[in-house]
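Engineer: I'll drop the sequence and a predicted model, then ask my questions.
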Amino acid sequence: MNDVLPLHVRDLTVRFAGLTALDGIGFTVEPGTVHAVIGPNGAGKSTTFNVLSGVYRATSGTVHLGETELTGLPPHRIAALGVARTFQNLALPPRTTVADSLLLGRHRLTRAGFVAAGLRLPAAVREERAHRERVREIAEFVGIADQLDTATGALPYGAQKLAELARALCMEPKVLLLDEPVAGMTADERRRTAAVIAGVRDSLGISIVLVEHDMGVVMRLADEVTVLDFGKRIAGGPPATVQNDPAVIQAYLGAPDEPESAA
Ligand SMILES: Nc1ncnc2c1ncn2[C@@H]1O[C@H](COP(=O)(O)OP(=O)(O)OP(=O)(O)O)[C@@H](O)[C@H]1O
Ligand SMILES: [Mg+2]
């Protein structure tokens, strides 16, 4: 098992020219849990991820993994500390095989480096073999081992998303950030992916921050939910509590329709 640490987000604000995308939000992801971040379009979910992974800089507030401050670190340093992410839109090189894409996910763990590997030095060859074995194990865990030799671009959409998840797992993360992992999937692919995510938590003990619009998946998987609306945290707690929170229902249904003008 991973020695997983809590992820603390405190009083986080992100402003873009004239727009406050996040307004003093906070939450804690407990080790080995699924923490969902939900909210209507534009609520600030992806912005939260972009700060957690170092793509965006916080205007104010902090992110800590255990005692280590992540805020202000560049993406590769945050990844090296064990925070891996997937993207809302597919981000795998389409012509590369699944095996090679996953191997790239292990880059930060490679001691010999890809130059030595390219020169086929014996230590590098042994190391590459070990990494390829681990890639196969992870592909089996995710259920895409049959497709390791297929170009990622030739996979069905659901399998591509699973390959992206597998690549993030190849970094051996402590915390996994999943941005809409079941978006665009068929019902069958959704079930399969949800089972994989539950397995990542239960078998690998990795903490997961999940952004997802599919409420069925959120309610089934999440241990804790944070709800954002227009950059503010409007509710938080276990799924059953959040689901019945009037502020959450209001945010999702929007303002009541204007009454039809009586003619
Ligand atoms: N780089 C940026 N520059 C300017 N504004 C941005 C930028 N990124 C996000 N925003 C704005 O910040 C707000 C929050 O966007 P964000 O992408 O975080 O929402 P979201 O909750 O992920 O929405 P969705 O459900 O549609 O993915 C939006 O108003 C968006 O237009
Ligand atoms: Mg988004």
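Structural biologist: Sure thing, it's come through. Ligands and ions are numbered 1, 2, ... in the order given.

Engineer: count of neighbours near Ala139?
Structural biologist: Other residues near Ala139 come to 23 when the count uses other Cβ atoms under 10 Å. The C-beta positions use only the backbone N, C-alpha and C, and glycine is treated the same way.

Engineer: do the same with the one 4 residues further on
Structural biologist: By the other Cβ under 10 Å criterion, the neighbourhood of Gly143 contains 16 residues.

Engineer: Report the secondary structure element holding Leu92.
Structural biologist: Counting by DSSP states H and E, there is no helix or strand that carries Leu92.

Engineer: Give me the nearest residue to it, chain neighbours excluded.
Structural biologist: Using Cβ to Cβ, 6 or more residues apart in numbering and skipping residues adjacent in sequence, the residue nearest Leu92 is Thr152, 4.3 Å away.

Engineer: I'd like to know how far the one you found sits from ligand 2.
Structural biologist: Between Thr152 and ligand 2 the distance is 22 Å, computed by Cβ to the ion, to the nearest Å.

Engineer: do you know how far the residue of the chain found nearest ligand 2 is from Ala21?
Structural biologist: Ranked by Cβ to the ion, the top residue of the chain for proximity to ligand 2 is Ser46, at 3.1 Å. Between Ser46 and Ala21 the distance is 9 Å, computed by Cβ to Cβ, to the nearest Å.

Engineer: picking up where we left off before, surely the residue of the chain closest to ligand 2 forms part of a helix?
Structural biologist: Yes - the secondary structure assignment for Ser46 places it in a helix, going by DSSP: H, G, I helix; E, B strand; the rest coil.

Engineer: Run a quick neighbour tally on it.
Structural biologist: Neighbour count of Ser46, defined by other Cβ under 10 Å: 18.

Engineer: That one is in contact with Ala183, isn't it?
Structural biologist: No - the pair formed by Ser46 and Ala183 falls short of the contact definition of Cβ atoms under 8 Å, at 11.8 Å.

Engineer: Next to ligand 1 in this structure, residues from this protein, please.
Structural biologist: Taking Cβ under 6 Å from any ligand atom as the measure of proximity, the chain contacts ligand 1 at Phe16, Leu19, Ala21, Gly39, Asn41, Gly42, Ala43, Gly44, Lys45, Ser46, Thr47, Gln88.

Engineer: Could you list the low-pLDDT ranges of the stretch 151-263 of the chain?
Structural biologist: Within the stretch 151-263 of the chain, the stretches falling below the threshold (pLDDT under 70) are 255-263.

Engineer: all strands for it, in order.
Structural biologist: Taking DSSP state E, counting those that start in this stretch as the criterion, the stretch 151-263 of the chain carries its strands at 175-179, 207-211, 224-229, 232-237.

Engineer: can you put those strands in CSV and add distance to Ala145?
Structural biologist: Listed next are these as CSV, based on distance: least, Cβ to Cβ, whole Å:
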stretch, distance to Ala145
strand 175-179, 20
strand 207-211, 22
strand 224-229, 32
strand 232-237, 38
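
Engineer: will you turn these into CSV that also has distance to ligand 2?
Structural biologist: Putting these into CSV (distance: least, Cβ to the ion, whole Å) gives the following:
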stretch, distance to ligand 2
strand 175-179, 6
strand 207-211, 6
strand 224-229, 11
strand 232-237, 16
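
Engineer: now these as a markdown table including mean neighbour count?
Structural biologist: Formatted as a markdown table, the entries for the strands of the stretch 151-263 of the chain read as follows, by neighbours: other Cβ atoms under 10 Å:
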| stretch | mean neighbour count |
| --- | --- |
| strand 175-179 | 25 |
| strand 207-211 | 25 |
| strand 224-229 | 23 |
| strand 232-237 | 18 |
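
Engineer: Quick one, which of those gets closest to Leu103.
Structural biologist: Each of those has some distance to Leu103 by Cβ to Cβ; the shortest is strand 175-179, at 18.5 Å.

Engineer: any idea of the angle the closest one forms with strand 207-211?
Structural biologist: Inter-element angle recorded for strand 175-179 and strand 207-211: 10 degrees (by axes from the mean of the first three to the mean of the last three Cα atoms, to 10 degrees).

Engineer: quick one: average confidence on stretch 69-89?
Structural biologist: Mean pLDDT, taken over the full extent of stretch 69-89, equals 89.
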